[in-house]
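1. predicted coordinates and the sequence they were generated for:
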2 protein chains.
Amino acid sequence: MTSLKQIAKEMGVSVATVSNVLTGKGRVSEDMSARIKAYAQAIGYKPSVFARALKTGQSGVLGLVMPDLTNPLFPRIAQSLSIAAEQRGLGILIGDSRGNADRQREAIHWLADRGVDGVLIVPQKGTSPEVPAGLPNVIINTASDPRSAVAADHVGGGTLLGRHISELGHTHVALLGGDPVSEVQQDRIKGMIAGLGPDVTCHTIWGDDGLARLCALAAEGVSAVMATSDLLALGAHSRLSQAGVRVPADISLTGFDDLPLALAMHPALTTVAQDMDTIATYALRILTDRIAQKPDQTQGVAVPMQLVLRASTTRAPTPTTTPQPNTEFRT
Amino acid sequence: MTSLKQIAKEMGVSVATVSNVLTGKGRVSEDMSARIKAYAQAIGYKPSVFARALKTGQSGVLGLVMPDLTNPLFPRIAQSLSIAAEQRGLGILIGDSRGNADRQREAIHWLADRGVDGVLIVPQKGTSPEVPAGLPNVIINTASDPRSAVAADHVGGGTLLGRHISELGHTHVALLGGDPVSEVQQDRIKGMIAGLGPDVTCHTIWGDDGLARLCALAAEGVSAVMATSDLLALGAHSRLSQAGVRVPADISLTGFDDLPLALAMHPALTTVAQDMDTIATYALRILTDRIAQKPDQTQGVAVPMQLVLRASTTRAPTPTTTPQPNTEFRT
DNA sequence: CTCCTTTGATGTAACGATTAATCTATCGGA
DNA sequence: TCCGATAGATTAATCGTTACATCAAAGGAG
């Protein structure tokens, strides 16, 4: 390994001077600075992160706590975050809550013990993650959650979809959720209802039981199904086509998240996408500010979602055209 | 923070003794040991990973380099690996190759600079990752790759599927691959061909062009489509059902990897699953052995894949029943 | 009663970087 | 000529652990 000491000896100066040059802190002459920089560059000097961390108490590593690494959204979050982190020279250590609140707590503590400077937490649904005192953290859940420092505006996303479906003239809609405990899914449904407006009849159904009731609802005149996730939408599509219901001819279908499968499906799924890059950028900015003890510049950022129109939605089959202008939509 | 020094002062002993007790290295009396352990436990002492890393040169952190974090398989690998790592008290720092070889090299070096003890690499397809000399590493690619220390037996997985399709009496099969550059996909196709046996006519097609040709092939009498990934299978399913071809009535369909969508599809997709837990366990064992400079106990482990039979495959429609016993299958 | 070994515990030098405090020329001003 | 200010560099302490060398006391063998 190369160390400051080696460089110092080789250049005939003290370690302090070398350190000053490389960190740009003290007072060093121009040419000395240039010579040392050149030499350090030449031998490929890389400071020891451990020595630095030991001395300064800052490791340059953040922890990422996910509710469940098998969550299909994890890859996107991880990627956006790792890109954003890398730009700031930070590393990301992964922690997995594995689907329960106890493990979530353990994971956070484990990361803290590993000396991360702060943690990014996507909370286990229905839980309030407890963070050790003094550990800077940023929670990414949903915009309506006051603990969330930054999050996609799931309500807004739902509203976009609801409005779209409403504008297509659908008046009887099934809302399909995966888990009532999840704030995110609650918000998505809330948004959908808001977007659909008061003149649309909504049937909210949950989970596998809900999926099972889907065909019955289709028979009862429901002309659109809005799922709270793309995977659920795919499942709904399966049930429906099994029962001979055609999408979108007989029934329109929407998803949430714009997973890869949304594009591979036939018909391609109309859905709504999170701007993960923006969320990641905000999350990192806020977290680094908190680590630096700067007062929060921004708080409770709601990142708007984007409507992705594809082939799974179309005008309602029955000509009950009631095109209602919905002006109270918020961006 | 709590330090050895604090404990030592409080207990009226030297730091060396405390260190000895907590690491179990030196010679300490029974009761002293018990007292110190109890006290450390009581005040919640956690050794500084940085000081330890600085002194010992071991950080207890491994790097995980993925070809592309948006890869749908990433969550599974990450989860299995993080569980296995945690059991050994190791952390995992993520690195993203972002789809190209240069970034892959950068990511590896970046992790090395961060002081990871070793790296786990899922190589960018078609590339040979270069690793800094002296950095222990384990490559996870495909069993046929000699650089791979451990990997799923993709050839074997393909063979399982091929054999299954063959046994169902299909004689004209389309093999649909995503990218000819990928060794993994090559192996999957190789395996499928081997499993199908010599009496089956195979049409190997690639990518979007291949998808486009699919319906034509269906018209020409192909009764089964075998994709090298579940997502591709979903895409194929889309194309086919769009053209009025029914799965599995008219044509059988198989995927690869058993992604969540395989179960949500209708019909649920017959596919083949990687045993990620086993792969992760092996990968970690090998890597930690290499880090400890132990000679490799195991090398080139091929972890068998598991056939997941579901509704998307069925007996060939034309009664060309030629049940051929295929005995040269290897487990 | 020595001498030697063993047990239990201590002292201390690293590991590599940061940083406040200190030292030495040199230069300008009076 | 002398003093103070200042640029430029150095000294040394420190972060928390580990590991090696040392040391005192006690027990056993001769």
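-> All right, it came through fine.
2. which strands and helices lie in contact with the helix or strand hosting A:A236?
-> Here A:A236, judged by DSSP states H and E, is contained in helix A:230-242. Where contact means 3 or more CB pairs under 8 Å, 6 or more residues apart in numbering or on different chains; DSSP states H and E, helix A:230-242 is packed against strand A:172-177, helix A:207-219, strand A:224-227, strand A:252-254, helix A:260-264, helix B:260-264. For the C-beta atoms, the positions are set from N, CA and C on the backbone; glycine is no exception.
3. ok, which of these comes nearest DNA strand D?
-> Nearest of the helices and strands packed on helix A:230-242 to DNA strand D, taken as CB to the nearest atom of the strand: helix B:260-264 at 41.9 Å.
4. tell me what that closest one is packed against?
-> helix A:230-242, helix B:230-242.
5. which positions in the stretch 1-150 of chain A make contact with chain B?
-> The stretch 1-150 of chain A has residues A:46, A:48-51, A:53-54, A:59-61, A:68-72, A:74-76, A:78-79, A:82-83, A:86, A:91-96, A:98, A:110, A:113-115 near chain B, with proximity defined as CB under 8 Å from any CB of the partner chain.
6. repeat that with 7 Å
-> Residues of the stretch 1-150 of chain A lying close to chain B (CB under 7 Å from any CB of the partner chain) are A:46, A:48-51, A:53-54, A:59, A:69-72, A:74-76, A:78-79, A:82, A:91-94, A:96, A:113-115.
7. got it, and the stretch 201-331 of chain A?
-> Within the stretch 201-331 of chain A, the positions adjacent to chain B are A:231, A:234-235, A:237-239, A:241-242, A:260-261, A:264-266 by CB under 7 Å from any CB.
8. 8 Å instead?
-> So the stretch 201-331 of chain A meets chain B at A:231-232, A:234-235, A:237-239, A:241-242, A:260-261, A:264-268 (CB under 8 Å from any CB).
9. quick one: which of these has the lowest pLDDT value?
-> In terms of pLDDT, A:Q242 ranks lowest among those, with 81.
10. what separates it from A:A227, distance-wise?
-> From A:Q242 across to A:A227, the span is 16 Å (CB to CB, to the nearest Å).
11. same check, this time on A:N71
-> Distance, A:N71 to A:A227, by CB to CB: 16 Å.
12. mind checking which of those two has more residues around it?
-> A:A227 (30 against 16; other CB atoms under 10 Å in any protein chain shown).
13. not counting sequence-adjacent ones, nearest residue to the more buried one?
-> Distances taken as CB to CB, 6 or more residues apart in numbering or on different chains place A:A233 nearest to A:A227, at 3.9 Å, with adjacent residues excluded.
14. does the one you found touch A:T270 like I think?
-> No. Counting by CB atoms under 8 Å, A:T270 is not a contact partner of A:A233; they are 9.1 Å apart.
15. and A:V301, what pLDDT?
-> For A:V301, the pLDDT comes out at 94.
16. would you agree it is in contact with A:A152?
-> No. Under the criterion of CB under 8 Å, A:V301 makes no contact with A:A152, lying 10.0 Å away.
17. who has more neighbours, those two?
-> Comparing A:V301 with A:A152 by other CB under 10 Å, the one with more neighbours is A:A152, at 29 against 18.
18. list the contacts of that one.
-> Counting by CB atoms under 8 Å, 6 or more residues apart in numbering or on different chains, A:A152 makes contact with A:T142, A:A143, A:Q274, A:D275, A:I279, A:A302, A:V303, A:P304, A:M305.
19. per-residue pLDDT, it?
-> pLDDT, A:A152: 97.
20. the residue nearest to A:T70 when sequence neighbours are not counted: how many residues sit nearby?
-> Computed as CB to CB, 6+ apart, the closest residue to A:T70 that is not its neighbour in sequence is B:P75, at 4.8 Å. By other CB under 10 Å, the residues close to B:P75 number 23.
21. tell me what angle the helix or strand in which B:P75 is found forms with helix A:74-87.
-> B:P75 belongs to helix B:74-87 when assigned by DSSP H and E. Using axes from the mean of the first three to the mean of the last three CA atoms, to 10 degrees, the direction of helix B:74-87 lies 70 degrees away from that of helix A:74-87.
22. who does helix B:74-87 touch, helix- and strand-wise?
-> Against helix B:74-87 (3+ CB pairs under 8 Å, 6+ apart) you get helix A:74-87, strand A:91-96, strand B:61-66, strand B:91-96, helix B:276-291.
23. and the residue nearest to A:A227, what is it in contact with?
-> Neighbours of A:A233 in contact, by CB under 8 Å, 6+ apart: A:L176, A:V225, A:A227, A:L253, A:T254, A:G255, A:F256, A:A262, A:L269, A:T271, A:S312.
24. out of these, grab the one that's most surrounded.
-> Comparing the contacts of A:A233 on neighbour count, A:T254 comes out first with 33 neighbours (neighbours: other CB under 10 Å).
25. pretty sure that residue is touching A:T228, no?
-> No. Judged on CB under 8 Å, A:T254 makes no contact with A:T228 at a distance of 9.7 Å.
26. what residues does chain A put near DNA strand C?
-> Residues of chain A lying close to DNA strand C by CB under 7 Å from any atom of the strand are A:1-5, A:15-16, A:19-20, A:22-23, A:25-26, A:45, A:47-48, A:51-52, A:54-56.
27. before we move on, back to that, of the residues of the stretch 201-331 of chain A next to chain B, grab the buried ones for ChimeraX.
-> A single ChimeraX command is used to select the members of these judged buried by 16 or more other CB atoms under 10 Å in any protein chain shown:
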select /A:231,232,234,235,237,238,239,241,260,261,264,265,266,267,268
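28. pull the most distant pair out of the residues of the stretch 201-331 of chain A next to chain B.
-> Farthest pair in these (CB to CB) is A:Q242 and A:P260. Separation: 23.1 Å.
29. so A:S148 sits right up against A:N141, yeah?
-> Yes. Between A:S148 and A:N141 there is a contact at 4.4 Å, judged by CB under 8 Å.
30. and those two? which has more neighbours close in?
-> Ranked by neighbour count (other CB under 10 Å), A:S148 and A:N141 place A:N141 first, with 26 against 23.
31. report the secondary structure state of the more buried one.
-> Three-state call for A:N141 (DSSP: H, G, I helix; E, B strand; the rest coil): coil.
32. thinking it is in contact with A:D153, fair?
-> No. Using CB under 8 Å, A:N141 is not in contact with A:D153; the gap is 11.7 Å.
33. who touches both of A:A233 and A:T270?
-> Listed as contacting both A:A233 and A:T270 by CB under 8 Å, 6+ apart are A:L253, A:T254, A:G255, A:S312.
34. measure the last one to A:G169 for me?
-> Yep, that's A:S312 we're talking about. 16 Å.
35. could you find the closest non-adjacent residue to whichever residue of the stretch 51-200 of chain A sits closest to DNA strand C?
-> Closest contact between the stretch 51-200 of chain A and DNA strand C, by CB to the nearest atom of the strand, is at A:A51 (3.2 Å). Leaving aside its chain neighbours, A:A51 sits nearest to B:L54 (5.3 Å; criterion: CB to CB, 6+ apart).
36. can you classify that neighbour as helix, strand or coil?
-> helix.
37. and for it, the neighbour number?
-> Per other CB under 10 Å, the neighbour tally for B:L54 reads 19.
38. over to A:R315?
-> Using other CB under 10 Å, A:R315 has 14 neighbouring residues.
39. quick revisit: need the helices and strands packed on helix A:230-242 in TSV (columns: distance to A:P317).
-> Formatted as TSV, the helices and strands packed on helix A:230-242 follow (distance: least, CB to CB, whole Å):
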stretch	distance to A:P317
strand A:172-177	11
helix A:207-219	11
strand A:224-227	10
strand A:252-254	9
helix A:260-264	23
helix B:260-264	25
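40. next, format these as JSON lines and append distance to DNA strand D.
-> As requested, the helices and strands packed on helix A:230-242 are arranged in JSON lines below (distance: least, CB to the nearest atom of the strand, whole Å):
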{"stretch": "strand A:172-177", "distance to DNA strand D": "47"}
{"stretch": "helix A:207-219", "distance to DNA strand D": "47"}
{"stretch": "strand A:224-227", "distance to DNA strand D": "50"}
{"stretch": "strand A:252-254", "distance to DNA strand D": "54"}
{"stretch": "helix A:260-264", "distance to DNA strand D": "45"}
{"stretch": "helix B:260-264", "distance to DNA strand D": "42"}
